[in-house]
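# Okay, predicted coordinates and the sequence, questions at the end:
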There are 2 protein chains.
Amino acid sequence: MEEISFAVDCMGGDYAPLEIVRGCILAAEQLGHRILLVGDGEEIEKILKKAGRLNDPLLQIVHAPESIGMDEPPSSVLRKKNSSLYTAARLVREGSAEGLISAGNTGAVLAVGKFIVGVEEEVERPAIAVALPNPRGKTVLIDVGANVDSKPKHLVQFAVIGHTYAEEILGVRNPRIGLLSIGEEEGKGNELVRETYPLLKQTGLNFAGNAEGRDIYAGTFDVIVCDGFIGNVILKASESLGMAVVQMIKEEVKRSVIARLGAFLLMPALARFKKKADFAEYGGIPLLGARKPVIITHGRANAKAIKNAVKVATDFLHTDFNRKLVENMKRLIPEGVKV
Amino acid sequence: MEEISFAVDCMGGDYAPLEIVRGCILAAEQLGHRILLVGDGEEIEKILKKAGRLNDPLLQIVHAPESIGMDEPPSSVLRKKNSSLYTAARLVREGSAEGLISAGNTGAVLAVGKFIVGVEEEVERPAIAVALPNPRGKTVLIDVGANVDSKPKHLVQFAVIGHTYAEEILGVRNPRIGLLSIGEEEGKGNELVRETYPLLKQTGLNFAGNAEGRDIYAGTFDVIVCDGFIGNVILKASESLGMAVVQMIKEEVKRSVIARLGAFLLMPALARFKKKADFAEYGGIPLLGARKPVIITHGRANAKAIKNAVKVATDFLHTDFNRKLVENMKRLIPEGVKV
């Protein structure tokens, strides 16, 4: 296996550092990559020692004493140069690592991604995308929180970024692109959408018109484009709806022995469904447009999610994603529509 | 029982006119109200005849020959004065009916609600609200599609409308109001949210700060306020997520006999859950701020949903909702924050 180095922020996330370090061990073991474990050197060493992996040449500790709180604003994050997150980003910028993985607070990871790792020149605003499951496959929703108050030309860039993600990472040829709105016809929606629609028509994208909320989980589009405020709210609402439904069904099930038996028999089928729908399986959300893979995992990421995030970062390198993204930005967006 | 008249648009919705007329029969039977069945007189007559209710004094046919397509723009709706929807709204305006129920296209119902039924003077922009289920009760999301590109002062009005809905219709005392954003702290979110936050602090509402997407189904707020573009997308995305999850689980269940047995044993518990989460049980979404109850039901509304929508309209009259809404608009919003 080819040896690539990745920097993993071991201090971010609800289960840091234990689950994160375990994820690094899995990644080294199963993917054969070299992992720079960035964070409190003593704590990381203890965990590696316990796992009997202290002398594994693929696992290298990089000590960074500071850590970042869940609500710290980006400005403060960018001043904490000895934090695990900042240090991990610096390792990527300096070329010691080929990608960054963190389960820390999203705003902080976005900040170091944009300003420390850096952004491709052609990309005015990098964006984060998720591939949401549906009965037919996956739909990319972009942006889900890197940008608010986007302008029409930014949404056009998100569309090209989403197109490239669907083609290169998900393997969808000529993906159908939808613009998130309320109402299908051109002219329906808010001001941002009404101004973006004619611009998308001028691009070389397979633009299929407005998408509605109901299209997000229906598989009718391969990519759905929206401002990051809306995308973020949808993503978090969906997750909370999932949890609420599970809890409400559990409460009903508890009330009957027969239902409890039924739930028991259903377990394997539900486990297969969960594998399709679960965040831990996906690994993480990439900051698309950054010069090197920057993968933001869920705050509740466990070892498996971290390992999968390293896998996602590898996919970006193997598909030469950034070169294709830059090409697409130049080729698909006509001069007048460029930012 | 007190006899109130309601105008029901019998030609709107996926299952019109059959299910709508059946719903009118249920409403007359179970609620004792007088229903004006507005639409194609011949068709409605046939259905009533078949049900043996042609001479029921509580069921009165009002012939209106035209109907409105699912994608017809509001401007065309307001010119079709002989449509079932316009006629039903006119009956309310003229005082022949105390409320309007329609399963027709939302934009069309909003148009006749605003311009034919009319809006309370104190309300600059009427809004539509849904009470979404969560493990602890319900959360009102407002606005879910009557308004796009709202200004901060409109969101303040939506908050007061939502407050009144939670207090008067759902029976929640001094409801906790949240402002939908991305990030909890004041200053997080987009421009609209950042400008609305300080205004909400000046009101007499129990304003509890920013809510996030994950709060929508968590029961952490009683009312969550947002622009109608976002609210509509969330509502439709939630519904589509629910359907996608059911379909994906069904496919997994089909693959195993044991899982099929498990699903069978779970049926009663799932039915109880469905009752809590199902649209048909709610009846419909009210256009709040209209001079008389205007209830928009789901396009897929069946007879039961129509009957429940009539029940919802009755609740608005019985609680004297509009008088309290107008009082709250005057009392809770300080002069400088008024539209």
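Arrived safely, thanks for sending. Residues are numbered from 1 along each chain as shown, chains lettered A, B, ... in the order given.

# Now do the phi/psi pair for the residue of the stretch 1-150 of chain A found nearest chain B.
Per Cβ to the nearest Cβ, A:V148 is where the stretch 1-150 of chain A lies closest to chain B, at 4.1 Å. Just so you know, the C-beta spots here come from the backbone N, C-alpha and C atoms, and that holds for glycine as well. Main-chain dihedrals, A:V148, degrees, to the nearest 10: phi -120, psi 160.

# in stretch A:252-259, what's buried?
By 16 or more other Cβ atoms under 10 Å in any protein chain shown, the buried positions in stretch A:252-259 come out as A:E252, A:V253, A:S256, A:A259.

# Could you do stretch A:149-160 as well?
A:S150, A:K151, A:P152, A:K153, A:H154, A:L155, A:V156, A:Q157, A:F158, A:A159, A:V160.

# Closest one to chain B out of those residues, please.
Nearest to chain B out of the buried residues of stretch A:149-160 is A:S150 (Cβ to the nearest Cβ; 9.3 Å).

# Give me the angle between the helix or strand containing A:I258 and helix B:257-277.
Following DSSP states H and E, the helix or strand that holds A:I258 is helix A:257-277. Computed by axes from the mean of the first three to the mean of the last three Cα atoms, to 10 degrees, the angle separating helix A:257-277 from helix B:257-277 equals 90 degrees.

# Contact residues of the stretch 1-150 of chain A facing chain B?
Counting by Cβ under 8 Å from any Cβ of the partner chain, the stretch 1-150 of chain A comes close to chain B at A:D71, A:G107, A:P133, A:N134, A:P135, A:G145, A:V148, A:D149.

# how about 6 Å then?
Within the stretch 1-150 of chain A, the positions lying close to chain B (Cβ under 6 Å from any Cβ of the partner chain) are A:N134, A:P135, A:V148, A:D149.

# What about those, which are in strands?
The strands, defined by DSSP state E, take in A:N134 from the residues of the stretch 1-150 of chain A next to chain B.

# Compare the residues of the stretch 1-150 of chain A next to chain B and tell me which is most surrounded.
Most neighbours among these, by other Cβ atoms under 10 Å in any protein chain shown: A:N134, with 24 neighbours.

# Tell me what it is bridged to.
In this entry, A:N134 is beta-bridged to A:G137, by DSSP bridges.

# Turn the residues of the stretch 1-150 of chain A next to chain B into CSV, including distance to A:E66 and pLDDT.
Formatted as CSV, these follow (distance: Cβ to Cβ, whole Å; pLDDT from 0 to 100):
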residue, distance to A:E66, pLDDT
A:N134, 41, 86
A:P135, 45, 84
A:V148, 28, 95
A:D149, 31, 96
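
# farthest pair in the residues of the stretch 1-150 of chain A next to chain B?
Maximum pairwise distance in these, criterion Cβ to Cβ, is 33.8 Å, between A:P135 and A:D149.

# For stretch A:120-128, measure first residue to last.
End-to-end span of stretch A:120-128 (Cα to Cα, to the nearest Å): 14 Å.

# just for the stretch 1-150 of chain A, where's the confidence low?
A:1-2 (pLDDT under 70).

# my bad, the stretch 151-300 of chain A
A:276-283.

# so who does the most centrally placed residue in chain A touch?
Taking Cα atoms, centre = their mean, the centroid of chain A lies closest to A:I285, which sits 0.5 Å from it. Residues in contact with A:I285, defined by Cβ atoms under 6 Å, 6 or more residues apart in numbering or on different chains, are A:I128, A:V130, A:I296.

# Out of those residues, which comes closest to B:K80?
Nearest to B:K80 among the contacts of A:I285 is A:V130, at 42.4 Å by Cβ to Cβ.

# ok, A:G23 - contacts?
Counting by Cβ under 6 Å, 6+ apart, A:G23 touches A:A303, A:I306, A:K307.

# residue ranges of the strands in chain A, please?
A:5-9, A:34-39, A:59-63, A:100-102, A:127-134, A:137-142, A:177-180, A:207-211, A:223-225, A:285-288, A:294-296.

# Quick check: which of those strands is nearest to B:L265?
From the strands of chain A, taking Cβ to Cβ, the stretch that ends up closest is strand A:127-134, at 26.4 Å.

# distance between the closest one and the chain's centre?
8 Å (Cα atoms, centre = their mean, to the nearest Å).

# Now do the contacts for the residue nearest to A:E72 when sequence neighbours are not counted.
Once flanking residues are discounted, A:E72 sits nearest to A:A108: 6.2 Å by Cβ to Cβ, 6 or more residues apart in numbering or on different chains. The neighbours of A:A108, taking Cβ under 6 Å, 6+ apart as the test, are A:I68, A:V77, A:L85.

# can you do 7 Å?
A:I68, A:E72, A:P74, A:V77, A:L85 (Cβ atoms under 7 Å, 6 or more residues apart in numbering or on different chains).

# I'd like to know how far it sits from A:F158.
As judged by Cβ to Cβ, to the nearest Å, A:A108 and A:F158 stand 22 Å apart.

# ok so, going back, farthest-separated two in the buried residues of stretch A:149-160?
That would be A:K151 and A:V160, which, of those, are the farthest apart (Cβ to Cβ) at 14.9 Å.

# and the stretch 201-339 of chain A, which residues reach chain B?
By the rule Cβ under 7 Å from any Cβ of the partner chain, the part of the stretch 201-339 of chain A lying against chain B is A:212-214, A:216-218, A:229-230, A:232-241, A:244, A:247-249, A:252-253, A:255-256, A:258-259, A:261-266, A:268-270, A:272-273, A:276.

# so how far is A:Q202 from A:I182?
23 Å.

# Please say which of the two ends up with more neighbours.
Counted by other Cβ under 10 Å, A:I182 and A:Q202 do not tie: A:I182 has more neighbours, with 24 against 13.

# Can you give me the buried ones in the longest helix along chain A?
Assignment by DSSP state H gives helix A:228-254 as the longest helix of chain A. For helix A:228-254, burial by neighbour count (16+ other Cβ under 10 Å) applies to A:228-242, A:244-245, A:248-249, A:252-253.

# Please give the centre-to-centre distance between stretch A:211-222 and its chain.
19 Å.

# Would you mind putting the CA coordinates of it into CSV?
Extracted C-alpha coordinates of stretch A:211-222, given in CSV (Å, rounded to 0.1, in the frame of the first residue of the first chain):
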residue,chain,number,x,y,z
ALA,A,211,-35.8,21.2,-6.3
GLU,A,212,-38.2,21.3,-3.3
GLY,A,213,-37.7,20.1,0.3
ARG,A,214,-39.4,16.8,-0.6
ASP,A,215,-36.7,16.1,-3.3
ILE,A,216,-33.9,16.0,-0.7
TYR,A,217,-34.7,12.4,0.3
ALA,A,218,-36.5,11.2,-2.8
GLY,A,219,-33.5,10.6,-5.1
THR,A,220,-34.9,12.9,-7.8
PHE,A,221,-31.7,15.0,-8.0
ASP,A,222,-28.0,14.0,-7.6
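
# of all the residues of the stretch 1-150 of chain A next to chain B, which comes closest to A:Y165?
Closest approach to A:Y165 among the residues of the stretch 1-150 of chain A next to chain B (Cβ to Cβ): A:N134, at 16.1 Å.
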